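K.L.:
Structure of the sequence below:
(one chain, ligands or ions: 1)
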Amino acid sequence: MMRRYVIIGSGAAGVAAAETIRTLDASGLIWIVTADPDGYYSRPGLAYYLTGEAAREQLYPLPNHYWKELGLRWHVDEVERVDPEGHRLVMKGGKDLPYDRLLLATGAKALLPDTPGINLEGVLKLDTLEDADRLLKLARRGQHAVVVGGGITALELAEGLAARGMHVHYFLRGDRFWSGVLDETESRMVERRLQHDGIFLHYNTNLVEVLGRGGRVSGVRAKTGDDACEMACSVVAVAIGIRPRKELAEQAGLLVGRGIRVNQCLQTSHPDIFAAGDAAEVLDPRSGEYVLDSLWNPAIEMGSAAGRGMAGRMTPYQKLVPVNVTRLGGLVTTIIGQVAAKRDALLVDLDLPGIMRGDSEVFRQHPDAVVAQSLHDGSRLRLYLSGGRLVGALIMGEQALSRPVQRLVRSGEDLGELVPQLVAPGARLDEKLWEFVKN
Ligand SMILES: Cc1cc2nc3c(=O)[nH]c(=O)nc-3n(C[C@H](O)[C@H](O)[C@H](O)COP(=O)(O)OP(=O)(O)OC[C@H]3O[C@@H](n4cnc5c(N)ncnc54)[C@H](O)[C@@H]3O)c2cc1C
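P.N.:
Residues are numbered from 1 along each chain as shown. Sure thing, here's the model as predicted:
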């Protein structure tokens, strides 16, 4: 009998699972059911679409005929309910689909604050291509926009709106950018770049209310310390974090934590249902904790491992040290493993209380480690060393060391005599690391 596979979600995890299943089961029936009418595209690429550096077509890494060749069936609708015992799911449009193996690759969704006025037309978030299209439609040269939140997505929104000619006001609740991951030197490097690009930074500033006229955003009310102010604007863009989409798993009675809880083979508490990607919560072998990631590559790796299990080849998912290579205020930045900047023993980012896009909870595990750091020629290198090994690193600016350092963190290689050289006051970390990796 032909096995019936159903995958909910057309993102990185869902598509990787479908591709893997097909390599192991040439005749199985594979459905992708997705609520996203735009299908499979690069979500990290949305930032470049907003600034105009990438055209809409460039977000699609695969041609249309690829899906036909893979023998996939697509259905665009939102799944409302999963019945684990009946092995079927029910969609909003009323369609009912049976399965033998199911994958929940439902991703995560942006959180919005419960600020008055948050539902007005002109309040934006950035989850999907549809959100990016809406932003481009509303961005008006010469008008004012307010950006609220932290981390990579807030920057992408600010940079996108600025690139479209808007006057952008970026509200930070604290006194610096992304304090949960960057140290003060790095925050200031990013902030200077934003200011250079004409973005106005408002520190210690809270959004109190979004003001509207005729159902549309007309301004904001904000508070800086004890001072209240009103500012006219036509757009408010929000990036205060994301939450895994675990509602279907909850409704189906599966085990959930902050995400959908899975075992090493990405099986949920029901043996025929798997979960992968941003929606899943997996065990981090290094810390022994269940963690969430919102990273493109781990989503693909999880999707592939889940696909193998669904096709009957159970394979443990090897959770690697998380890495993100991204752009912060125009500075290419690689973040690897544990890099939380210790901040008066209080690791709280007021702009971003949880996880966001391009983030891993592992980044914010503060290691019991020695920090070595250097800043040369406008480039920053920060290393965390524990037990003679590198457990995390942040490289901002010049990226020649990005790959060798990723390799050192991932392999856990003993650095031996290099350690005292790296932690010596005033050490040129880049030169020492180069000598080490070349030998
Ligand atoms: C703006 C932005 C910037 C990013 N930047 C980076 C970066 O710099 N580096 C990096 O590594 N990662 C980045 N990411 C994160 C990365 O894109 C995600 O980690 C990855 O896309 C997760 O893939 P996924 O398949 O788990 O979920 P998603 O890609 O979110 O896909 C989830 C799918 O599930 C569908 N779905 C959900 N619920 C239902 C339902 N009930 N019924 C039907 N379908 C449903 C959705 O429609 C969607 O198709 C970024 C993401 C965004 C949005």
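
K.L.:
Now the residue in the stretch 51-200 of the chain that the ligand sits nearest to. Nearest residue, chain neighbours left out?
P.N.:
Closest to the ligand within the stretch 51-200 of the chain is residue 107: 2.3 Å, counting by Cβ to the nearest ligand atom. Heads up, the C-betas are built off the backbone N, CA and C, glycines and all. With sequence-adjacent residues excluded and distances taken as Cβ to Cβ, 6 or more residues apart in numbering, residue 107 is closest to residue 278, at 4.6 Å.

K.L.:
Which pLDDT value belongs to residue 343?
P.N.:
Residue 343 is assigned a predicted lDDT (pLDDT) of 58.

K.L.:
Distance-wise, check the residue of the stretch 51-200 of the chain closest to the ligand relative to residue 275.
P.N.:
11 Å (Cβ to Cβ, to the nearest Å).

K.L.:
Give me the more crowded residue out of those two.
P.N.:
Shown here are residue 107 and residue 275; by other Cβ atoms under 10 Å, residue 275 has more neighbours (31 against 25).

K.L.:
The more buried one: what's it in contact with?
P.N.:
By Cβ atoms under 8 Å, 6 or more residues apart in numbering, the contact list for residue 275 reads 103-105, 249, 259-260, 262, 266, 268, 306.

K.L.:
Pick out whichever of those sits closest to the ligand.
P.N.:
residue 105 (4.8 Å).

K.L.:
Assess the claim that that closest one and residue 9 are in contact.
P.N.:
Yes: Residue 105 sits in contact with residue 9 when judged by Cβ atoms under 8 Å, with a separation of 3.5 Å.

K.L.:
Which neighbours do those two have in common?
P.N.:
Common neighbours of residue 105 and residue 9 (Cβ under 8 Å, 6+ apart) are 277, 279.

K.L.:
burial of residue 244, as a residue count?
P.N.:
Based on other Cβ under 10 Å, the number of other residues close to residue 244 is 25.

K.L.:
give me the beta-bridge partners of it?
P.N.:
With DSSP bridges as the criterion, residue 244 is bridged to residue 108.

K.L.:
if I read this right, it contacts residue 257, doesn't it?
P.N.:
No: the pair residue 244 and residue 257 does not pass the contact test of Cβ under 8 Å, sitting 9.3 Å apart.

K.L.:
shared neighbours of these two, anything?
P.N.:
Listed contacts common to residue 244 and residue 257 are residue 281; contacts here mean Cβ under 8 Å, 6+ apart.

K.L.:
what residues are up against the closest residue to the ligand within the stretch 301-439 of the chain?
P.N.:
Closest contact between the stretch 301-439 of the chain and the ligand, by Cβ to the nearest ligand atom, is at residue 358 (3.2 Å). With contact taken as Cβ under 8 Å, 6+ apart, residue 358 is in contact with 44, 151-153, 294-295, 324, 326.

K.L.:
With neighbour count, distance to residue 60 and secondary structure added, can I get these in JSON lines?
P.N.:
Shown next, in JSON lines, are those (neighbours: other Cβ atoms under 10 Å; distance: Cβ to Cβ, whole Å; DSSP: H, G, I helix; E, B strand; the rest coil):
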{"residue": "44", "neighbour count": "18", "distance to residue 60": "13", "secondary structure": "coil"}
{"residue": "151", "neighbour count": "25", "distance to residue 60": "26", "secondary structure": "helix"}
{"residue": "152", "neighbour count": "24", "distance to residue 60": "22", "secondary structure": "helix"}
{"residue": "153", "neighbour count": "28", "distance to residue 60": "21", "secondary structure": "helix"}
{"residue": "294", "neighbour count": "25", "distance to residue 60": "21", "secondary structure": "strand"}
{"residue": "295", "neighbour count": "23", "distance to residue 60": "20", "secondary structure": "coil"}
{"residue": "324", "neighbour count": "22", "distance to residue 60": "22", "secondary structure": "strand"}
{"residue": "326", "neighbour count": "18", "distance to residue 60": "21", "secondary structure": "strand"}
